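Peer 1: Just to be clear, the model below is a prediction. Sequence and coordinates:
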Amino acid sequence: MNSKYLFTVTDQAFVTLGTNDSLRNHMTSRKLAILITSHVSSVMRTVLSAVFDEVIDVDEIDSNDLVHLALLKRPELGVTFTKLQCWTLTQYSKCVFMDADTLVLCNVDELFDREELSAAPDSGWPDCFNSGVFVFRPSLKTYSLLLQFANEHGSFDGGDQGLLNSFFNNWATTDIDKHLPFIYNLSSSAVYSYVPAFNHFGKDAKVVHFMGSAKPWNYQYNPRTTTVTERSSTPGPQNQLSFLVLWWKIYSASILPLLEKLKGTEGSESQREKIPTGNQQKVTSGRQSPDVTNSITELSIQLKPEEPSAEDERRKWEEGHIDYMGKDAFEHIKKKFDAFLQ
Ligand code: GLC
Ligand code: MN
């Protein structure tokens with residue numbers, strides 16, 4: 001699957017820490033790599049290995065900095081320190097990191113013309129860069145300096161973005177070429193904080209970033225009407241709905257069929273052989289919505305455990321009627337996976 005595109009540049013890659021298949025749709029000439037932690041279920045790993053060129057296991061690194069994370073009102077973001085391990089991918093000379101909650105709208109291979117550390121301004125504090133999309137050069141030396149810096153100084157937001165901004169602290173002032181245009185990391189919050197600018201420039205967006213705690217996978221999608229609706233517990237901006245619909249279209253066209261297929265072959269010998277043996281029982285409940293790492297588990301939880309009628313269940317699922325507290329609860333899914341993986 002990796003060599004299906006001509007002119008592939010083998011020593012450069014887009015890297016993510018979660019699910020992101022939209023680059024593939026835009027015929028990138030670069031590799032796609034994903035870092036995953038042991039919290040990702042083996043079913044989802046199998047799906048990811050069909051989408052990405054490289055699936056790389058990494059340890060979860062948590063800043064455990066609850067004080068700063070509380071300031072950000074995002075206690076779940078301590079695990080974004082895991083992202084730092086992208087600097088260990090020295091099989092590549094240059095990479096572009098993209099958060100799992102980004103959606104790529106067109107080919108962005110020109111990002112590889114930029115140097116470390118190139119990133120777009122953060123809409124909340126534009127003298128800081130947003131760490132959802134950045135160009136970097138893997139290097140074990142940089143990686144160990146980053147860890148050392150983290151130990152000595154911590155992160156002002158408790159996540160990777162605070163740390164990286166302190167580490168690459170001349171980003172705002174030194175080299176304008178390292179400022180990516182905002183259209184490479186269009187934050188969904190900016191859409192409603194500066195509507196006239198969005199109306200004027202938004203059509204040129206290349207990468208949309210679903211920042212904040214309301215992620216695309218927290219919404220309900222109806223494929224028949226191709227509409228996305230909020231769950232009552234998920235407050236979020238309404239004017240990013242077209243991007244949400246696009247996210248769901250890609251997810252239901254490219255990922256759901258793989259999940260369904262995998263489910264369909266449950267128990268068959270060939271399938272069992274393909275599934276890696278490590279960490280298979282670890283499926284989280286998905287009740288929280290961390291920015292990056294757990295997005296994979298969020299998606300995996302949407303597999304249904306018991307099926308009175310496959311057809312009926314599928315329809316219910318597609319309409320967003322997932323019984324998280326009842327038959328689709330984590331315990332039931334886990335039981336099913338455990339039985340399947342034994
Ligand atoms: C912001 C960034 C995200 C980062 C987080 C923690 O939400 O968009 O990429 O992981 O801050 O620093
Ligand atoms: Mn993000």
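Peer 2: Structure received. Ligands and ions are numbered 1, 2, ... in the order given.
Peer 1: isn't Gln240 right up against Val191?
Peer 2: Yes: counting by Cβ atoms under 8 Å, Gln240 touches Val191, with 5.4 Å between them. Every residue, glycine included, has its C-beta placed from N, CA and C.
Peer 1: More neighbours: these two, which one.
Peer 2: Gln240 (25 against 21; other Cβ atoms under 10 Å).
Peer 1: which residues does the more buried one contact?
Peer 2: Ser188, Val191, Val208, Phe210 (Cβ atoms under 8 Å, 6 or more residues apart in numbering).
Peer 1: Next one: the second one from Gly162, what distance?
Peer 2: Going from Val191 to Gly162 by Cβ to Cβ, to the nearest Å gives 24 Å.
Peer 1: likewise Leu105?
Peer 2: On the measure of Cβ to Cβ, Leu105 and Gly162 end up 28 Å apart.
Peer 1: So for the two, which sits in the more crowded spot?
Peer 2: Comparing Leu105 with Gly162 by neighbour count (other Cβ under 10 Å), the higher total belongs to Gly162, at 25 against 18.
Peer 1: sec struct for that one, please.
Peer 2: Here Gly162 is helix, with the state taken from DSSP: H, G, I helix; E, B strand; the rest coil.
Peer 1: My guess is it contacts Phe156. True?
Peer 2: Yes: checked against Cβ under 8 Å, the pair Gly162 and Phe156 is within contact range at 4.0 Å.
Peer 1: Now for these two: what residues contact both?
Peer 2: Each of His68 lies in contact with both Gly162 and Phe156 under the rule Cβ under 8 Å, 6+ apart.
Peer 1: Looking at per-residue confidence, what score does the residue in the stretch 51-200 of the chain that ligand 1 sits nearest to get?
Peer 2: Relative to ligand 1, the nearest point of the stretch 51-200 of the chain is Gly159 (2.4 Å; Cβ to the nearest ligand atom). Predicted confidence (pLDDT) for Gly159: 94.
Peer 1: That one: how many residues sit nearby?
Peer 2: 25.
Peer 1: now swap in Ser93 and tell me
Peer 2: By other Cβ under 10 Å, 15 other residues sit near Ser93.
Peer 1: tally of neighbours for the residue lying closest to it once chain neighbours are set aside?
Peer 2: Spatial nearest neighbour of Ser93, chain neighbours left out: Asp11 (4.6 Å); criterion: Cβ to Cβ, 6 or more residues apart in numbering. Neighbourhood size, Asp11 [other Cβ under 10 Å]: 11.
Peer 1: For Asp11, pull up the helix or strand it's in.
Peer 2: Assigned by DSSP states H and E, Asp11 belongs to strand 9-16.
Peer 1: What residues does this protein have near ligand 1?
Peer 2: Within the chain, the positions lying close to ligand 1 (Cβ under 6 Å from any ligand atom) are 77, 80, 99, 130-132, 157, 159-162, 211, 291.
Peer 1: Can you show me the helices along the protein?
Peer 2: Along the chain, counting by DSSP state H, helices occupy 22-25, 42-51, 66-72, 140-153, 160-167, 188-193, 195-201, 241-250, 256-264, 269-274, 295-300, 310-318, 330-341.
Peer 1: Could you check how far whichever residue of the chain sits closest to ligand 2 is from Leu17?
Peer 2: Proximity of the chain to ligand 2 (Cβ to the ion) peaks at Asp99, 3.5 Å away. Asp99 sits 7 Å away from Leu17, going by Cβ to Cβ.
Peer 1: And those two? Which one has more around it.
Peer 2: The residue with more neighbours, out of Asp99 and Leu17, is Leu17; 28 against 25, by other Cβ under 10 Å.
Peer 1: Verify the stated contact: that one with Leu35.
Peer 2: Yes: with contact defined as Cβ under 8 Å, Leu17 and Leu35 form a contacting pair (4.7 Å).
Peer 1: who touches both of the two?
Peer 2: Going by Cβ under 8 Å, 6+ apart, residues that sit against Leu17 and also against Leu35 are Thr82, Lys83, Cys86.
Peer 1: Wait, the last one touches Lys94, no?
Peer 2: In this case it means Cys86. No: between Cys86 and Lys94 there is no contact, the gap being 11.5 Å when judged by Cβ under 8 Å.
Peer 1: so what sits against both of those two?
Peer 2: Here Cys86 and Lys94 share the contacting residues Phe136, Pro138, scored by Cβ under 8 Å, 6+ apart.
Peer 1: Looking at those two, which is more packed in?
Peer 2: Each of Cys86 and Lys94 has its neighbours counted (other Cβ under 10 Å); Cys86 has more, 24 against 19.
Peer 1: got a list of what the more buried one touches?
Peer 2: By Cβ under 8 Å, 6+ apart, the contact list for Cys86 reads Val15, Leu17, Leu35, Cys95, Phe97, Phe136, Pro138.
Peer 1: need the contact list for the closest residue to the residue of the chain closest to ligand 2 other than its chain neighbours.
Peer 2: The shortest distance from Asp99 to any non-neighbouring residue, by Cβ to Cβ, 6+ apart, is to Gly132 (4.0 Å). Residues in contact with Gly132, defined by Cβ under 8 Å, 6+ apart, are Met98, Asp99, Asp101, Thr102, Asn185, Ser187, His209, Met211.
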